[in-house]
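Student: Here you go, sequence then predicted model.
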Amino acid sequence: MSPHNCKQNNAICSFQVFNALSYATDIFERNKAGHAKRVAYTSLKIAHQLNLPIADRNRLFHGAILHDVGIGFAINEAYQENRDYSVIEHTQNGSVIVEDFFHDQGITEAVLYHHENYDGSGYMGLRGSEIPLFAQIINLASYFDTIYERKATYSEARKDNQAAILKQGGLLFDPKLVEVFMEMSLAEGFWLDYRHENFDTLLERIVEYDQTKFSLDDFQKVALIFAKMIDDKSKFTKDHSVNIAQYMLETAKMKGFDEETQQKAYIAGLLHDIGKVSVPSSILDKPGPLTLEERNHIKVHPYYTGLILDHIPNIEEISRWASGHHEFIDGTGYPERLKGEELDYFSRLIGVCDVYEALTEDRPYRKAMAYSDAWDVLHQMRDEQTLCPSACSDLKRVTDRLVRP
C-alpha cells in the first residue's frame with residue numbers, strides 16, 4: 001500500500017510515522033531541516049540504480065529515514081554526564097532502537113555502521129566490504145546532503161558536488177559505489193528534485209511499500225521510544241510522559257471510554273512533550289529564574305508537538321490532545337489560547353494531568369510538592385476557572401487510588 005492509499009483508508013501509515021519522527025530528530029539535532037528525508041531519498045535513488053529488490057529498498061528506506069534516531073539519546077546522556085557527545089553513541093543507541101522495533105539485522109546494521117568509512121577511518125574501524133551495503137549507501141547520501149549548498153545554482157551544485165563525491169572514492173566511499181552515484185546523478189531530475197521544497201511528495205513518489213498500516217499497538221511502541229528520549233532531556237522528568245500517559249489511561253477506563261479511545265489517550269500522554277525537542281536541556285534544567293526569552297522558548301514546545309504529529313494522517317485526536325496540554329479553559333494557556341468548548345474532554349484532562357505531574361516532580365528551582373499540597377494548587381486553579389472542574393475531579397479519583405499516601 002502506498003503512503004497515499006494509507007491516507008485514503010484511514011490507516012496509520014508507517015511511512016508517515018517515520019517521516020514525522022525524522023523531522024523531530026532533525027529539530028533535536030538542530031540539523032538542516034529535512035536531512036533524514038533527503039538522505040532517504042538519495043539512498044533510494046542509489047538503490048534503484050543498483051537494481052536492489054523492492055524488499056531491500058524498503059529496508060534501506062527505514063534505515064535511512066531513521067539513521068540519526070539515536071542522536072537524542074546520545075546528546076541527553078552526554079549532557080547529563082557533563083561530557084562531550086560521541087558520534088559512536090548515537091549510532092549504537094539508534095541501532096538498539098531499530099532492532100527493538102524491526103528485528104531486522106540489515107536495518108540495524110545500516111544504522112549502527114552509517115559513520116564507517118571505506119578506508120577504515122570511521123569510528124569502529126570497519127573497512128571495505130566489512131561495512132554493510134546499506135550503511136555505505138546511507139553514509140554517502142548523508143555526506144552528500146551535508147556538503148550540498150542549497151543556495152548554489154543548479155549547474156554549480158551539480159559540478160561541485162559530483163567533484164566532491166569523486167574525491168572521496170577509495171577514502172570515505174567504495175569507488176564502485178561512487179561510480180553508481182555518478183551514473184545516477186547524470187539525470188537532471190535528481191538535481192532538480194534536490195532543490196524541491198517538499199521532500200514528502202518526492203519520497204511518496206519513490207517509496208514502494210509492501211505493508212498496509214501501523215496498528216495502534218505498533219504506534220504505541222514508537223511513542224514509548226520517543227517519550228523516553230524526551231523525558232531523558234532533563235534529570236527532573238525521568239518518568240514524566242509515562243506517568244501522564246498512565247493517568248490518561250486510568251481516567252479513560254474509569255469514565256467508561258472504549259478501548260481504542262483509552263489507547264489513544266495513553267499515546268497522547270506519551271507524546272505530549274515531543275515538541276521539547278526544540279528546547280535546549282540547559283533551559284529545562286536551569287536552577288534559577290528563566291529570562292523572558294527562555295520562557296518564550298519553552299512555550300513553543302506544544303506548538304512543535306502538534307507540528308510533528310500533524311505529519312501523520314489519521315491520528316488527529318491524539319495530536320489535538322497532546323498539543324493541547326498547556327491550554328486552559330479560561331483562554332490563558334498556550335500556544336493557541338483556546339478556551340471553553342474549544343477544548344474537548346481529553347484536551348482538558350491532559351492539561352490537568354500535566355499540572356499535577358509537574359507539581360509532584362522535583363524541578364531545578366524547587367522540590368516536589370506533597371500530594372495534598374499539589375491538590376490544593378490544582379483546586380485553586382479549578383476554582384479560578386483555569387482548569388476544568390470535571391477533569392480535576394476525575395483525576396483526583398484516579399490519583400487517590402493510585403498514588404495517595
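Tutor: Great, that's in hand.

Student: Now do stretch 130-143: everything it contacts.
Tutor: Taking contacts as Cβ atoms under 8 Å, 6 or more residues apart in numbering, the residues outside stretch 130-143 that touch it are 35, 38-43, 46-47, 59-60, 63-64, 67, 106-107, 109-118, 122, 165, 168, 172-174, 177-178, 181. Quick note: C-beta positions are derived from backbone N, CA and C, even for glycine.

Student: Helices - which of the residues you listed land there?
Tutor: If you go by DSSP state H, the contacts of stretch 130-143 have 35, 38-43, 46-47, 59-60, 63-64, 106-107, 109-112, 165, 177-178, 181 in helices.

Student: Residues contacting stretch 205-224, please?
Tutor: 1-3, 6, 9, 11-15, 17, 21, 41, 44-45, 48, 54-55, 57-58, 61, 101, 242, 260, 263-264, 266-267, 270-271, 315.

Student: ends of stretch 231-245, how far apart?
Tutor: For stretch 231-245, the first-to-last residue distance is 13 Å (Cα to Cα, to the nearest Å).

Student: just stretch 334-345 next, same as before
Tutor: Using Cα to Cα, the end-to-end distance of stretch 334-345 comes out at 17 Å.

Student: What mean pLDDT does that stretch get?
Tutor: On average, the pLDDT along stretch 334-345 is 95.

Student: any idea whether Phe328 is helix, strand or coil?
Tutor: Secondary structure state of Phe328, per DSSP: H, G, I helix; E, B strand; the rest coil, is coil.

Student: Let me see the contact set for it.
Tutor: Contacts for Phe328 were tallied using Cβ under 8 Å, 6+ apart; they are Lys339, Gly351, Thr386, Leu387.

Student: how about the strands in the stretch 151-300 of the chain?
Tutor: With DSSP state E, counting those that start in this stretch, there are no strands along the stretch 151-300 of the chain.

Student: And the nearest residue to His62 once chain neighbours are set aside, how close does it get to Leu343?
Tutor: Closest residue to His62 in three dimensions, ignoring its sequence neighbours and counting by Cβ to Cβ, 6 or more residues apart in numbering: Ile107, at 5.2 Å. Computed as Cβ to Cβ, to the nearest Å, the Ile107 to Leu343 distance reads 40 Å.

Student: try Glu384
Tutor: Distance from Glu384 to Leu343, by Cβ to Cβ: 16 Å.

Student: more crowded one of these two?
Tutor: The residue with more neighbours, out of Glu384 and Leu343, is Leu343; 24 against 11, by other Cβ atoms under 10 Å.

Student: if I look at that one, how far off is Leu387?
Tutor: 11 Å.

Student: Touching both of those two, which residues are there?
Tutor: Shared contacts of Leu343 and Leu387, defined by Cβ under 8 Å, 6+ apart, comprise Ile329, Gly351.

Student: quick one: contacts of stretch 390-405?
Tutor: Residues from elsewhere that reach stretch 390-405, judged by Cβ under 8 Å, 6+ apart: 246-247, 250-251, 254-255, 345, 348-349, 351-353, 356, 370-371, 375, 378-379, 381-382.
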